[in-house]
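Trainee: would you be able to build a 3D model of this:
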Amino acid sequence: MGRRGRLGSAKPNKKYPLLKGPAGQKRMLTKAFHAFIKNRRRWRLKRVYWFLWRDAAPDAPVNCSFCKSSGLFTYDFEPKPAWRRS
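Mentor: Residues are numbered from 1 along each chain as shown. Model (predicted):
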């Protein structure tokens, strides 16, 4: 089985400095995919998945700091800047 890694992004929050907001999500995703392309042979990368394509409902119970807003679309299906870039 190959190696796996994760990256994520959501609305900015002072308590959680890794949460970047929509513009930060776009920057992070763009940089990540450039790195994936540049290093795909060395990392033996075969595929990349973005698991949260849509934000969770505003009243949904979540167990992480970024789960509600790390999708590429809002809960109402509005595309975020990172989707437009992809």
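
Trainee: next secondary structure element downstream of the longest helix along the chain?
Mentor: In the chain, taking DSSP state H as the definition, the longest helix is helix 21-39. Following helix 21-39 in sequence order, the next helix or strand is helix 81-85 (DSSP states H and E).

Trainee: chain center to that next one: distance?
Mentor: Remark: helix 81-85 is offset 11 Å from the chain centroid, using CA atoms, centre = their mean, to the nearest Å.

Trainee: what helices and strands are in contact with it?
Mentor: helix 21-39 (3 or more CB pairs under 8 Å, 6 or more residues apart in numbering; DSSP states H and E). Heads up, the C-betas are built off the backbone N, CA and C, glycines and all.

Trainee: still on that earlier bit, pull the CA atoms of the longest helix of the chain into PDB?
Mentor: Extracted as PDB, the C-alpha positions of helix 21-39 are listed here (Å, rounded to 0.1, in the frame of the first residue of the first chain):
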ATOM      1  CA  GLY A  21     -10.500  30.900   4.300                       C
ATOM      2  CA  PRO A  22     -11.600  30.700   0.600                       C
ATOM      3  CA  ALA A  23      -8.600  32.800  -0.800                       C
ATOM      4  CA  GLY A  24      -6.100  30.800   1.300                       C
ATOM      5  CA  GLN A  25      -7.800  27.600   0.300                       C
ATOM      6  CA  LYS A  26      -7.200  28.500  -3.300                       C
ATOM      7  CA  ARG A  27      -3.600  29.400  -2.700                       C
ATOM      8  CA  MET A  28      -2.900  26.200  -0.800                       C
ATOM      9  CA  LEU A  29      -4.700  24.000  -3.300                       C
ATOM     10  CA  THR A  30      -2.800  25.600  -6.200                       C
ATOM     11  CA  LYS A  31       0.600  25.200  -4.500                       C
ATOM     12  CA  ALA A  32      -0.200  21.700  -3.500                       C
ATOM     13  CA  PHE A  33      -1.200  20.600  -7.000                       C
ATOM     14  CA  HIS A  34       1.900  22.300  -8.500                       C
ATOM     15  CA  ALA A  35       4.000  20.200  -6.000                       C
ATOM     16  CA  PHE A  36       2.100  17.100  -6.900                       C
ATOM     17  CA  ILE A  37       2.700  17.600 -10.600                       C
ATOM     18  CA  LYS A  38       6.400  18.500 -10.100                       C
ATOM     19  CA  ASN A  39       7.100  15.500  -7.800                       C
END
